[in-house]
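Visitor: Need coordinates for the following:
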Amino acid sequence: MIRLACVAIGYVFGLFQTGYIYGELKGTDIRQHGSGNAGATNALRTLGWKAGLITLLGDCFKCVFAVLLVRALFAGRYPDEHMGVLLGMYAALGVILGHNFPFYLKFKGGKGIAATAGLYLSLDPVMTLVAVVLFGGAVGATRYVSLGSILVSIWLPVGTILFGQQGKWGLSQGHLYELYAITVFLCLMAIFRHRKNIGRLLSGTESKLGQKAK
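Guide: Model (predicted):
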């Protein structure tokens, strides 16, 4: 039940659609422009760098806050002091689900990459650094934000499993399997959400960073 509570709390945090709210304050539904989603990249292309930055920070830190909250509420109930890592992952799962599929917007939200950045920040500094290098390197070399986002999504289960098998998270093997399963699910969901971007990357028609929304 605690795991479900963590997901539910995360989902509530995920409902704070920073890009959509910012756009509405400016008289624009950003989901009606550009890529059609409510994430930071579309906010950047539709409303400019300030909107993109605010959306990125808002969507990132709503995940950080959700993770911190569930750890404070529930981690102390377990004899294993490392359970906060797993409970935080459940909260992050809820945040990304709420971000991607907000019920009050007819389940049309973002793609969850900025929220995943918040998951990295709350999980481990080394994994965060690798994610930043992957994202920055890919975008810097190609100007394809979607490519950087996909690489960051793939690194989540890869890094979590690599570090987990080395004893990084301090969890029992059974709890590690739970942790791994969530990260694999988040990775697959992110790739699915980027399926159109992948098609455009393969065909050479993907929009690059700096191009205005059509």
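
Visitor: helix or strand right after the lowest-mean-pLDDT helix or strand in the chain?
Guide: When the helices and strands of the chain are compared on mean pLDDT, DSSP states H and E, helix 40-47 comes out lowest with a mean of 85. Once helix 40-47 ends, the next helix or strand along the chain (criterion: DSSP states H and E) is helix 49-74.

Visitor: tell me the angle the helix or strand following that following helix makes with helix 49-74.
Guide: Moving toward the C-terminus from helix 49-74, the next helix or strand (DSSP H and E) is helix 83-100. Here helix 83-100 runs at an angle of 140 degrees relative to helix 49-74 (axes from the mean of the first three to the mean of the last three C-alpha atoms, to 10 degrees).

Visitor: about what we covered before: packing partners of the least confident helix or strand of the chain?
Guide: On a contact count with 3 or more C-beta pairs under 8 Å, 6 or more residues apart in numbering; DSSP states H and E, helix 40-47 meets helix 18-25, helix 49-74, helix 113-123, helix 145-165. Every residue, glycine included, has its C-beta placed from N, CA and C.

Visitor: As CSV, the ones you listed with distance to Phe185 would be great.
Guide: What follows is these, written out as CSV (distance: least, C-beta to C-beta, whole Å):
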stretch, distance to Phe185
helix 18-25, 23
helix 49-74, 16
helix 113-123, 12
helix 145-165, 9
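
Visitor: For His175, which of those is the nearest?
Guide: Proximity to His175, assessed across the helices and strands packed on helix 40-47 by C-beta to C-beta, is greatest for helix 145-165 (9.6 Å).

Visitor: so where's the protein shaky on pLDDT?
Guide: For the chain, residues meeting the criterion pLDDT under 70 lie at 211-214.

Visitor: what's the distance between Arg143 and Ala66?
Guide: Taking C-beta to C-beta, to the nearest Å as the measure, Arg143 falls 32 Å from Ala66.

Visitor: neighbour count winner among these two?
Guide: Ala66 (31 against 15; other C-beta atoms under 10 Å).

Visitor: correct me, but that one touches Ala92?
Guide: Yes. Using C-beta atoms under 8 Å, Ala66 is in contact with Ala92, at 7.0 Å.
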